[in-house]
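> Output the structure for:
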Amino acid sequence: MSVEINGLTKRYGEQVAVNDLSFTVDKGHVVGFLGPNGAGKSTTMKMLTCYAEPTSGTAKVNGYDIIKSPLDVRRSVGYLPEHNPLYKDMYVKEYLSFVAGIHKVAKPKTRINDLIEMTGLGIEQHKLIGALSKGYRQRVGLAQAMMHDPQVLILDEPTSGLDPNQLRDIRSLILELGKEKTVIFSTHIMQEVSALCDRVLIINRGNIVADDPIELLHARVDSQIQLAVTFESSIQDVNLTKIEGVKSFTKKDGAYVILANKDIRKDIFNWAVANNAVILEMNSVKLSVENIFTELTQQGANV
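Numbers count the residues shown, from 1 in each chain. Down below sits the predicted model:
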């Protein structure tokens, strides 16, 4: 296993940031690590990269224990944190040369030139980092994470601040890297999950609420139906979950948004007739991975 986590827990006083996480990731997989803000994603990544010590539990990266062998872990992993820490008064190539020196890269000039090409930094390579846009700073951060050719890449919001063209290039790079390395990355862009991941981990309030291959997540989406129903007048104290097949519902912009596990349009119509309610409009809404993410993280459901 490239990454192996057992019962990993992090507490800050009485607050539990990460609660008893356990999962493994094999080489050659791209795993999306998802969750709302404050769910524990960044804290987990910091523990895996030895920037934070767990309260309890164990984790290994490339066979090295994060507590017993932190230097070996750091040699094995490339890390791009959420807030990309760069020396803004250094030039791009100067900074990458500095990073290469830290990692004692055998042929630094060749490696730096390769990374500049891989990350698309060519036209900006002679600029001060402080003069770069946020997107290009992210590219510099990716280059430093890959400098020592690590077997495991842990990337916290790697595409933050990139424009559409940059997004395409970096996504292609992550896919290519995922063929030979283990890539764990967090993102809030659900389209990115579908495009890049072969597995998805969703964390909420420090707990894993989903751990599925991307195909299973899509199957879960395909097995559910979402309807938006607008009635003639406001209906008070409606409990649509009494209708068979309705999983949940919310009211949004005057319409009832209903999530069901089967086609319930006929049932909704019969319910409206029985309750003297007039349906003005009923539309099906295409579900996405984002809907599943919202359902799991809002309700704290387990799978």
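> quick one, domains of the protein?
Here the domain assignment for the chain is 3-213, 225-286, based on automatic domain parsing.
> could I get these as TSV with distance to Thr297?
C-betas here are computed from N, CA, C, even on glycine. Listed next are the domains of the chain as TSV, based on distance: least, CB to CB, whole Å:
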stretch	distance to Thr297
domain 3-213	4
domain 225-286	13
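> Of these, which is nearest Leu296?
Nearest of the domains of the chain to Leu296, taken as CB to CB: domain 3-213 at 4.7 Å.
> Give me the below-cutoff pLDDT ranges for the chain.
Low-confidence segments of the chain (pLDDT under 70): 1, 218-223, 234-238, 286-288, 291, 295, 299-303.
> what are the ranges of the strands in it?
Using DSSP state E, the strands of the chain run over 3-12, 15-25, 30-34, 56-61, 64-65, 77-80, 152-156, 182-186, 199-204, 207-213, 225-231, 246-252, 255-260, 279-285.
> quick one, which of these is nearest to Gln125?
Smallest distance to Gln125 across these (CB to CB): 18.6 Å, for strand 77-80.
> Starting from that closest one, tell me which strands it pairs with and how they run.
strand 152-156 (parallel) (DSSP bridges).
> how distant is the partner strand from the center of its chain?
Relative to its chain's centre, strand 152-156 lies at 11 Å (CA atoms, centre = their mean, to the nearest Å).
> Please enumerate residues in contact with it?
2-3, 41-42, 45, 48-49, 61-62, 76-82, 142, 145-146, 174, 177, 181-186 (CB atoms under 8 Å, 6 or more residues apart in numbering).
> do the same with stretch 13-21
5, 7-11, 40, 43-44, 47, 54, 57, 203, 205-208.
> Flag every buried residue along it.
Val16, Ala17, Val18, Asn19, Leu21 (16 or more other CB atoms under 10 Å).
> so can I have a markdown table of those showing distance to Met190?
Formatted as a markdown table, those follow (distance: CB to CB, whole Å):
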| residue | distance to Met190 |
| --- | --- |
| Val16 | 27 |
| Ala17 | 24 |
| Val18 | 23 |
| Asn19 | 24 |
| Leu21 | 22 |
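> Out of those residues, which comes closest to Gln151?
Checking the buried residues of stretch 13-21 one by one against Gln151 (CB to CB), the nearest turns out to be Leu21, at 21.1 Å.
> Bridge partners for the spatially most central residue of the chain, pull those for me.
In the chain, the residue lying closest to the centroid (CA atoms, centre = their mean) is Ser186, at 2.9 Å. In this entry, Ser186 is beta-bridged to Phe33, Asp156, by DSSP bridges.
> Please work out how many residues are found near the residue nearest to Arg11 when sequence neighbours are not counted.
Excluding the flanking residues, the one nearest Arg11 by CB to CB, 6 or more residues apart in numbering is Thr55, at 4.6 Å. By the measure other CB atoms under 10 Å, the count of residues near Thr55 is 14.
> Good, wrapping up.
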